Structures are given as structure tokens and as C-alpha cells.
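Asker: Fold the following, please.
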Amino acid sequence: MIPGDPQTVAWYSGSPAVSAAAGTTLLAGHVNYDSTRGALYPLSTIAPGALVIVTDGSGNASRWTTVSLQVRDKDDLPGFPVSGPRRLAMVTCGGELLETDRGPSYASNVIAEAIPLTA
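Answerer: Down below sits the predicted model:
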């Protein structure tokens with residue numbers, strides 16, 4: 001699910017498309033990778049009310065406003081419903097950088113949620 005290119009944010013195909021009418025669209029990307037800042041590097045500093053513009057694979061842009069930001073343990077990722085109110089969830093790594101058997105790994109996930117911006 002996480003793209004190899006740190007500058008790319010990926011849509012989790014198990015979630016509704018950005019153009020869907022209901023449910024939570026999940027986007028994920030790197031905070032950094034191989035000493036390069038990732039596309040979601042600034043996610044941990046986003047404030048409620050911030051404007052987020054998402055462009056889908058067809059080039060269609062949608063506008064969202066952030067409503068929450070949370071940092072959760074890697075083992076405590078919340079569920080993202082495929083039905084219900086329209087939301088956008090953006091997820092990247094964060095928190096303490098740990099040395100593990102498989103190399104460096106962040107202890108937490110940074111999750112920002114947004115709702116569609118109405119005109």
C-alpha cells in the first residue's frame with residue numbers, strides 16, 4: 001500500500017475512491033524515505049481547518065478541510081469505514097524512530113482526517 005516513491009501518496013484500493021459519495025477514503029505515504037522527505041512529511045503539523053486538495057488519477061481535484069489530527073501506536077490503527085459519512089484519512093509514520101531487526105521503523109502513525117469542503 002505504501003508507494004516506493006517518497007513523493008507519491010497512494011490510495012488504498014480497499015477504501016472508497018476519492019470521488020465516492022460515502023465512506024472514508026484512505027491515503028497513505030511516507031514521512032521520509034532513504035533520507036528524502038516524503039510527500040506527507042508535514043502531516044504532523046496540519047491544523048484543523050487546513051485546506052487539502054486531492055487530485056485523483058484522472059486529474060480531478062477535490063477540496064477537503066481537516067477536522068482532526070492524531071498520533072497512534074502502530075498497532076492501534078483505527079478502522080476506516082467504507083460506508084457512512086464522507087471522510088478522507090491521510091496516514092503516515094511518526095513518533096519515535098526505533099531500531100528494529102528489520103531496520104529503522106517509526107513507533108506511531110500520524111492520522112489526519114478531513115471532510116469535503118462545500119462550496
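
Asker: Can you find the helix or strand of the protein with the lowest average pLDDT?
Answerer: Here the helix or strand of the chain ranked lowest by mean pLDDT, DSSP states H and E is strand 32-33, holding a mean of 85.

Asker: what are the pairing partners of whichever helix or strand comes after it, and which direction each?
Answerer: Remark: after strand 32-33, the chain's next helix or strand is strand 36-37, criterion DSSP states H and E. Here strand 36-37 has these sheet partners by DSSP bridges: strand 32-33 (antiparallel).

Asker: Name all residues that make contact with Leu27.
Answerer: 9-12, 54, 88-91 (CB atoms under 8 Å, 6 or more residues apart in numbering). For the C-beta atoms, the positions are set from N, CA and C on the backbone; glycine is no exception.

Asker: Flag the shaky bits of this protein, pLDDT-wise.
Answerer: Within the chain, the stretches with pLDDT under 70 are 1, 119.

Asker: Do a quick rundown of the strands in the protein.
Answerer: Secondary structure of the chain, counting by DSSP state E: strands at 10-11, 24-28, 32-33, 36-37, 51-55, 61-73, 87-100, 103-116.

Asker: what distance separates the third one from the centre of its chain?
Answerer: The chain centroid and the centroid of strand 32-33 are separated by 15 Å under CA atoms, centre = their mean, to the nearest Å.
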